[in-house]
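[1] Dropping the sequence and predicted coords here.
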Amino acid sequence: MNEQILQLFDEASEGYVSGAEISRRLNVSRTAIWKHIEELRAEGYEFEASPRKGYRLISKPAKWQLSELLNGMRTKVLGHKVHIYDEVDSTQTIAHQLVASGAPEGTIVLAEKQNAGRGRMGRKWHSPAGKGIWMSLILTPRIPVYFMPQLTLLSAVALCRSIQKVCQVEIGIKWPNDLLIHGKKVSGILLESSGEDERLKYVIAGIGISVNLLDEDYPEELKHIATSLAIESGALVSRERIVQAFLFEFEELYALYLEKGFAPIRLLWEALSVTLKRPIRTNTPTGVIEGIADSLDDSGALTVITPSGEHLKIYSGDIEL
Ligand code: BTN
């Protein structure tokens, strides 16, 4: 039915299609039409409603442009195999299935929309249609499982650098891997892995970047804590350019990491951090820790100095700034 409604808008020479006309042509009630228009809005179609003239389709959701994406790809391996979906539960799930059927390192999965986008710590990730980068990247590093947190920090550095190169925004990393602009979250990273004999078999790096969401695209509970590149830069941003820039940065840092270890990545992370040298607070299974975030250790854990001068380490979880 949604397809048929869209076709009526394609055919409408004046732009407007009245509710009465849709109802007559498709033989459905006015209430049903309203429901379908709301569904289309949730998919990223924008309609103007005029009491006298009816509805006018103002814009369609953006679609991934595969040829544009591949033409501007400057990587050697990453992003040369691309799987694009209109709608998935989670790109992570698809990427796990692709690995099982032999997909090579560097394969990426992109979706216009996720119905069950996964965030860290069991949270949901808001992924409306055509507005963001909802991407999973397949990696097969032969490193010990306990190095995973380092890869997460590396991903945050790559993401931060790529966004800085494409948009004029002041972006920084909140430990471990949230990207913030003016204190609001614009991007998040979720690494999922499978290991064997303490070595990683594969890692799926899930990258969520809120690119072109506008205020009205956020549910009430996210409005004061989340933002997008478009909101912060004042202009729509090309998703293809960000993916190209991210994969390029990631590939360089990944090669550096596999050759020289975590030390150079740690320095880059520290330079981009908005957490270090600031008071933080976190809930751990053994109680609340408060203090000044001091540095990263070799494993990627955050060292915090408490008011009594104790040095404590935080290995996982969330911090409040
Ligand atoms: C976070 O909680 O900060 C991590 C969010 C990660 C979201 C991305 S979107 C693409 C990939 N697919 C998912 O279901 N989650 C990740």
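    Great, that's in hand. Just so you know, these numbers come straight off a predicted model, no measurement behind them.

[2] Dump the C-alpha coordinates for stretch 33-48 into PDB.
    Output in PDB follows, covering the C-alpha atoms of stretch 33-48 (Å, rounded to 0.1, in the frame of the first residue of the first chain):
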ATOM      1  CA  ILE A  33      -4.200   6.700   4.700                       C
ATOM      2  CA  TRP A  34      -3.100   8.800   7.700                       C
ATOM      3  CA  LYS A  35      -1.600   5.600   9.200                       C
ATOM      4  CA  HIS A  36       0.300   4.900   5.900                       C
ATOM      5  CA  ILE A  37       1.600   8.500   5.700                       C
ATOM      6  CA  GLU A  38       2.900   8.200   9.200                       C
ATOM      7  CA  GLU A  39       4.600   4.900   8.300                       C
ATOM      8  CA  LEU A  40       6.300   6.600   5.400                       C
ATOM      9  CA  ARG A  41       7.300   9.500   7.600                       C
ATOM     10  CA  ALA A  42       9.000   7.000   9.900                       C
ATOM     11  CA  GLU A  43      10.900   5.700   6.900                       C
ATOM     12  CA  GLY A  44      12.300   9.100   6.200                       C
ATOM     13  CA  TYR A  45       9.700  10.500   3.600                       C
ATOM     14  CA  GLU A  46       8.800  14.100   4.400                       C
ATOM     15  CA  PHE A  47       5.300  15.300   3.700                       C
ATOM     16  CA  GLU A  48       3.700  18.700   4.000                       C
END
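
[3] Outside of it itself, list whatever touches it.
    The contact list for stretch 33-48 (C-beta atoms under 8 Å, 6 or more residues apart in numbering) reads 1-2, 5-6, 19, 22-23, 26, 28, 55-62, 112-113, 128-131. Glycine gets a C-beta too; all of them are placed from N, C-alpha and C.

[4] Tell me the residue of the stretch 1-150 of the chain that sits nearest the ligand?
    Proximity of the stretch 1-150 of the chain to the ligand (C-beta to the nearest ligand atom) peaks at G119, 2.9 Å away.

[5] which non-adjacent residue is nearest that residue?
    Sequence neighbours aside, W125 is the residue nearest to G119 in space, at 4.2 Å (criterion: C-beta to C-beta, 6 or more residues apart in numbering).

[6] got a list of what that neighbour touches?
    With C-beta under 8 Å, 6+ apart as the criterion, the residues that contact W125 are 114, 117-119, 134, 188, 190, 208.

[7] Mind checking which of those residues are buried?
    Buried subset of these (neighbour count, 16 or more other C-beta atoms under 10 Å): 114, 117-118, 134, 188, 190, 208.

[8] circling back: give me the pLDDT for the residue nearest to G119.
    W125 is assigned a predicted lDDT (pLDDT) of 98.

[9] What's the separation between it and E46?
    Distance of W125 to E46, computed by C-beta to C-beta, to the nearest Å: 23 Å.

[10] How about the secondary structure of the residue lying closest to Y55 once chain neighbours are set aside?
    What sits nearest to Y55 in space, not counting adjacent residues and going by C-beta to C-beta, 6+ apart, is F47, at 4.9 Å. Three-state assignment for F47 (DSSP: H, G, I helix; E, B strand; the rest coil): strand.

[11] circling back: kindly provide the distance from the residue nearest to G119 to K113.
    Using C-beta to C-beta, one gets 12 Å for the distance from W125 to K113.
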